[in-house]
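Asks: Quick check, what structure comes out for this input:
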Amino acid sequence: MPITAHLPRYPLAFLPTPLHPLPRLNETLRQEFQLPAPSFQLLVKRDDQTGLATGGNKTRKLEFLVADALALGCDTLITTGATQSNHCRQTAAAAIHAGLRCELVLGGQPPESPNGNYLLDQLFGATFHWTTRENRLNRLHELAGELRAAGRRPYFITYGGSDPVGACGYALALEELREQAMALHAEPDAIVVASSSGGTQAGLVAGAWALDWDIPILGISIDETEAHLQGLVADLASQTAERLGKPRHFTPAEILVSADYLGAGYGVVGDLERTAIRLMAQTEGILLDPVYTGRAFGGLVDALRNRPDRFGKPVRSIVFWHTGGSPALFAYASDLT
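Replies: The predicted structure follows:
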């Protein structure tokens, strides 16, 4: 029985998402690093293929968040993010699927030419509220009060759906991965994933605990310091484990994080991201995104090259968890060409 079987879930994703090796990429890296074959193997977990609104990792979280919203009798999903937020795009689509309204608090100013995720948000009929990046969460709380005063029943979803309800989606995802790996006779030694609001990594950590699977889960920080992200993920993983019925207090020291690849900041594309996106595209025909997976995969390649100690133990088989986000590529065309 799945470790989340006791929790309400609203089906949104096409599951299981594929897990497959990256033979051309692996060979390219072996030649670049001048390593003997087989020295290591990279596999990819394709959560860019979850299906909803072009896919992405937030769909798994939204299965549990939407179920909770419906159980509480809510009529509107409200959340926040950047203009090119993958989370907002999938939340808007999930609301349509469940017969709910969607209101988004976005940071910045409306683009003159809608594209990428923001264009898709418009197509899904979301209502927009604009504020500064720093004020988004405060504005979201204000919006919840305004909607209640108008007789609506909003369901509050924080950044990235990263709360104990949403993170359960990734505890279940880890169980899915383990079943696939066992079927392929290719159980990995480590997992690498982009980590920002912390929910995906926290769910994986809690899931590993619930399944008694001792596997390093390295989060490549997108925009937070190592200490801050370790504390965030530890706290959220502890709350998620409690919700799973497998209580465990995680300490920050137990959470593997690398904040070596923050570059010039959130959403700023540099050489690391450009190189990583082209490498994956031109060896495997797989698209990474400019904000999350481009940075995380670039960090993984650098760790293989220069910092193998990042995993805490020798590793030969690594799963890169692809969290999606390819619609944002179109909004970053000038940065990528």
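Asks: going forward, measure contacts and count neighbours with C-alpha atoms only.
Replies: Fine.
Asks: what about the stretch 201-337 of the chain, any weak spots by pLDDT?
Replies: Flagging of the stretch 201-337 of the chain using pLDDT under 70 yields an empty set of residue ranges.
Asks: wait, residue 246 sits on residue 208?
Replies: No - under the contact definition of CA atoms under 8 Å, residue 246 does not touch residue 208, with a separation of 10.8 Å.
Asks: who's more crowded, these two?
Replies: residue 208 (22 against 16; other CA atoms under 10 Å).
Asks: can you give me phi and psi for the more buried one?
Replies: Torsion angles at residue 208 (phi, psi; degrees, to the nearest 10) stand at phi -60, psi -40.
Asks: residues near the residue nearest to residue 199 when sequence neighbours are not counted, how many?
Replies: When the adjacent residues along the chain are set aside, residue 199 lies closest to residue 162, with 4.1 Å between them (CA to CA, 6 or more residues apart in numbering). If you count neighbours by other CA under 10 Å, residue 162 ends up with 24.
Asks: Residue 317 now?
Replies: 18.
Asks: Tell me how far it lies from residue 45.
Replies: When distances are taken as CA to CA, to the nearest Å, residue 317 and residue 45 turn out to be 13 Å apart.
Asks: Residues contacting stretch 209-222, please?
Replies: Residues from elsewhere that reach stretch 209-222, judged by CA atoms under 8 Å, 6 or more residues apart in numbering: 3, 175, 189-196, 201, 204-205, 208, 229, 241, 244, 246, 255-262, 265-266, 291-292, 295-296, 299-300, 310-312.
Asks: do that again at 7 Å, thanks
Replies: Residues external to stretch 209-222 that are found in contact with it (CA atoms under 7 Å, 6 or more residues apart in numbering): 189-196, 201, 205, 208, 246, 256-259, 262, 266, 292, 295-296, 299, 311.
Asks: tell me what the helix or strand residue 26 falls within is packed against?
Replies: Assigned by DSSP states H and E, residue 26 belongs to helix 23-33. Of the remaining helices and strands, those touching helix 23-33 by 3 or more CA pairs under 7 Å, 6 or more residues apart in numbering; DSSP states H and E are helix 271-284.
Asks: So how do I select the buried members of the contacts of stretch 209-222 in ChimeraX?
Replies: Buried subset of those, written as a ChimeraX selection, criterion 16 or more other CA atoms under 10 Å:
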select :189,190,191,192,193,194,195,196,201,205,208,246,256,257,258,259,262,292,295,296,299,311
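Asks: Show only the entries of the contacts of stretch 209-222 found in strands.
Replies: 190-195, 256-258 (DSSP state E).
Asks: ok, of those, which one's closest to residue 157?
Replies: In terms of CA to CA, no member of those lies closer to residue 157 than residue 195, at 17.7 Å.
Asks: Wait, residue 160 touches residue 196, no?
Replies: No - assessed by CA atoms under 7 Å, residue 160 is found out of contact with residue 196, at 8.5 Å.
Asks: For stretch 256-263, what is the distance to the chain centroid?
Replies: Using CA atoms, centre = their mean, to the nearest Å, the mean C-alpha position of stretch 256-263 is found 15 Å from that of the whole chain.
Asks: An error on my part: the question was meant for stretch 268-275.
Replies: 19 Å.
Asks: What residues sit buried inside that stretch?
Replies: For stretch 268-275, burial by neighbour count (16+ other CA under 10 Å) applies to 269-270, 272-275.
Asks: for those, which one is nearest residue 118?
Replies: Set against residue 118, the nearest of the buried residues of stretch 268-275 by CA to CA is residue 269 (18.4 Å).
Asks: Doesn't that closest one belong to a helix?
Replies: No - looking at residue 269 with DSSP: H, G, I helix; E, B strand; the rest coil, it is coil, so not inside a helix.
Asks: Please tell me how far it sits from residue 291.
Replies: Counting by CA to CA, the gap from residue 269 to residue 291 is 7 Å.
Asks: quick one, strands of this protein?
Replies: Ranges of strands in the chain, per DSSP E, are 19-21, 41-46, 76-81, 101-107, 127-131, 154-156, 190-195, 217-221, 256-258, 317-322.
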